[in-house]
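Enquirer: give me coordinates for this.
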Amino acid sequence: MLIDVKGLVKRYRVGTHTINAVAGVDLEIERNEYVAVMGPSGSGKSTLMNIIGCLDSPTEGEYYLNGSKVSDLSDDKLAAIRNREIGFVFQTFNLLPRANAVQNVELPLVYAGIPASERRHRAMEALDSVGIANRATHRPNELSGGQRQRVAIARALVNKPSIILADEPTGNLDSRTGEELMEVFREIHEAGNTIIMVTHEEDVAEHGNRVLHLKDGKIEIDSGNNKVSGPAG
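Expert: This is a model prediction of the structure:
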C-alpha cells in the first residue's frame, strides 16, 4: 500500500470558531493508481492534498506513506520525505523566472545534494520525457503556458518520486493545451507513476482511473469502490 490514511482530521481555529477542514477521512491508494480529487471550494480537498504531500500535519489520525508513519514527524523530516517521495505540479507552475528550464528542473536535486554533473543529466532526461528538451536553455518568459507546465512536470519527475501530486495542473491553460498535458500525465502513469490530481474539471477527472468527491471534509463518493464514506455534515 502506497498511501494509507486512517481517521484523518484537520482543524483550524479562526477567531473563536473551529473549522473541520478534514473531518474523518479513511483512504487507501495503491501504487500506480491515477486518482482525481474533486469537490467544491471548502470541501477539504486542498487540505487533504497538503497532508498527503507532507506540507501539513493532521490534527488527529494516522498517515502512512510507503509503510512509514509520517503523520507525526517533525517539519524537517517531513521536508526530507517530501523531497524524496513527492513531485509537485501546481496550477501556477512555480518556476524561478531567472533560471532556465533545465536549472528549474534541477532544483529538487540541488536540495537532495546530487552532484552537478548528475543533476544536469537527470534534468535533461526529465525534460526529454515530457517532450521539451529542445527548450532546456529557455527561461519561463520565453515559453508558452503549456511549455512551462511541461517544465514543472519534469521538475516533479526528476527525483523519481513515489507520487506525482498535481493541483489544478490545467487551470491556467486553454482546453487544447490542457488536453496535450493530460496526454503527458497519461504517459507518466503508464510508465508506473502514481498520480493524485486535484481538479474542478470533469473532463480532466475522467483521465483518472478513480475519482474521489469530497464534501464538508469527507469523502462523499469514491468511484474506486463505489463507496460513500458516511453522511457528510
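Enquirer: with only the CA atoms kept, save the helix or strand bottoming out on mean pLDDT in the chain in CSV.
Expert: Within the chain, no helix or strand scores below helix 75-85, which has a mean of 90 by mean pLDDT, DSSP states H and E. Coordinates of the C-alpha atoms in helix 75-85 are reproduced here as CSV (Å, rounded to 0.1, in the frame of the first residue of the first chain):
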residue,chain,number,x,y,z
ASP,A,75,8.8,19.6,9.9
ASP,A,76,12.4,18.8,8.9
LYS,A,77,11.7,15.1,8.5
LEU,A,78,8.5,15.9,6.5
ALA,A,79,10.6,18.1,4.2
ALA,A,80,13.1,15.3,3.6
ILE,A,81,10.3,12.8,2.8
ARG,A,82,8.6,15.4,0.6
ASN,A,83,11.7,16.0,-1.5
ARG,A,84,12.3,12.3,-1.9
GLU,A,85,8.9,10.8,-2.3
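Enquirer: which residues touch it?
Expert: When contacts are defined by Cβ atoms under 8 Å, 6 or more residues apart in numbering, helix 75-85 is touched by residues 53-55, 57, 65-66, 68, 70, 73, 108, 111-112, 159, 161-163. From N, CA and C alone the C-beta is placed, and that goes for glycine too.
Enquirer: with stretch 4-17 instead?
Expert: With contact meaning Cβ under 8 Å, 6+ apart, stretch 4-17 is reached by 18-28, 44, 47-48, 51-52, 56, 58-64, 71, 217.
Enquirer: buried ones in that stretch?
Expert: Buried positions in stretch 4-17, judged by neighbour count with 16 or more other Cβ atoms under 10 Å: 4, 5, 8, 10.
Enquirer: report all helices and strands that the helix or strand where residue 219 lies contacts.
Expert: Following DSSP states H and E, one finds residue 219 within strand 218-222. Using 3 or more Cβ pairs under 8 Å, 6 or more residues apart in numbering; DSSP states H and E, the elements in contact with strand 218-222 are strand 17-29, strand 210-215.
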